[in-house]
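>>> attaching a predicted model along with its sequence, questions to come.
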Amino acid sequence: MKFFIFYILFITVCISAQEKYFLPTNSKGEIVHHSEFSLSYIEEHEQSEWVAYKLTKTMIDSGYVSRTNRFRVDKSISTGSAHPDDYKYSGYDRGHLCPAGDMKHSETAMQESFFMSNISPQIPSFNRSMWRRLEDRVRQWGIENDSLFICVGGVLKDSLKKIGPNSTISVPEYFYKIILSTKSKEEKAIAFLFENKSLNGKIEQFAVTVDSVESFTGLDFFPFLDDSLENYLESTLNLSNWSFEEIKKSTKESSEIKQTEKREKVEFEQCKAITKSGTQCKRKGVFDGYCYQHKVNE
């Protein structure tokens, strides 16, 4: 009897989470729920195929928690998540899927945003430019539209490049982000698809329909919408429904970004070779993590 009651409660929690965040279906990974976001973790890629969450104006307006920059193993993943050190000297940033900047309203949510289950390898010039610009823009949309449902991830498939000490972490060639506003009588959706590389241009140049991302990923987004509304929103791309004027960052935000980039630069560029004296080489590791001298002797 106790098992039956537990099972019913477990199913109820999962269903309510799906309805709350409009979680995708056709997922291939392990579904895990944290305080402010849910995810589907795929062990063979050591990252999530999607992270979904609700972003509200209240969350943004009350966001005063500083970045922790403390990346951690996600112990909720039954098979074990990636480790922060797996990205060291790889040449890739530990790119957030659910941005830390969206979780500033809660100490717990901020800490959880640094779980490695919420991280995917991104080219530094992509993570720190176009991807960040979209994150800033989405927060502005959260203020303008009161609340948004967001689903984000790397496109995971076979034969992707692998990084890490044991070559277990796949490097997505593309990243997507899908945004849904369910404001009454003003429902709208927009999706973005980026190559994982240095990109120039305006954010709106990378806007696509939700349908196109579904075709690309095999996922079904926002399945709990009314079918007729879902079909309309996912097949339509109307840029005029969304504002694209970029917002200047505050001094505090700019300072946090510079500190993070400085930390990442040291971590990813220092040669990983150990010298004869037993210390780590201080040169830049520009050749697969090694400096020119240690690459030759590798």
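Thanks, I have it.
>>> any weak-confidence spans in this protein?
Within the chain, the ranges that satisfy pLDDT under 70 run 1-21, 247-269, 282-298.
>>> what's the domain layout of it?
Structural domains assigned to the chain are 20-247, 255-298, following automatic domain parsing.
>>> need the winner for burial among those.
For the domains of the chain, the largest average neighbour count (mean count of other CB atoms under 10 Å) is found in domain 20-247, namely a mean of 18. In this view, the C-beta of every residue, glycine as well, is placed from N, C-alpha and C.
>>> now do that domain: distance to the chain's middle.
When distances are taken as CA atoms, centre = their mean, to the nearest Å, domain 20-247 is centred 4 Å away from the chain's centroid.
>>> residue 141: what secondary structure?
helix (DSSP: H, G, I helix; E, B strand; the rest coil).
>>> from what I can see it touches residue 183, true?
No: in this structure, residue 141 is not within contact of residue 183 by CB atoms under 8 Å, at 11.0 Å.
>>> show me what contacts the residue nearest in space to the middle of the chain?
Compute the mean C-alpha point of the chain, and by CA atoms, centre = their mean the closest residue is residue 97, 0.6 Å away. Contacts here follow CB atoms under 8 Å, 6 or more residues apart in numbering; on that basis residue 97 touches 39, 48, 50, 51, 118, 119, 120, 152, 153, 154.
>>> can you give me the helices in this structure?
Ranges of helices in the chain, per DSSP state H, are 2-21, 57-61, 107-112, 124-125, 131-145, 210-217, 227-235, 251-269, 292-297.
>>> for residue 50, give the beta-bridge partners.
With DSSP bridges as the criterion, residue 50 is bridged to residue 40.
>>> show me what contacts it?
Residues near residue 50 by CB under 8 Å, 6+ apart: 24, 27, 39, 40, 97, 151, 152, 153, 219.
>>> JSON lines for the residues you listed, including distance to residue 127?
What follows is the contacts of residue 50, written out as JSON lines (distance: CB to CB, whole Å):
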{"residue": "24", "distance to residue 127": "23"}
{"residue": "27", "distance to residue 127": "24"}
{"residue": "39", "distance to residue 127": "19"}
{"residue": "40", "distance to residue 127": "21"}
{"residue": "97", "distance to residue 127": "11"}
{"residue": "151", "distance to residue 127": "19"}
{"residue": "152", "distance to residue 127": "13"}
{"residue": "153", "distance to residue 127": "14"}
{"residue": "219", "distance to residue 127": "22"}
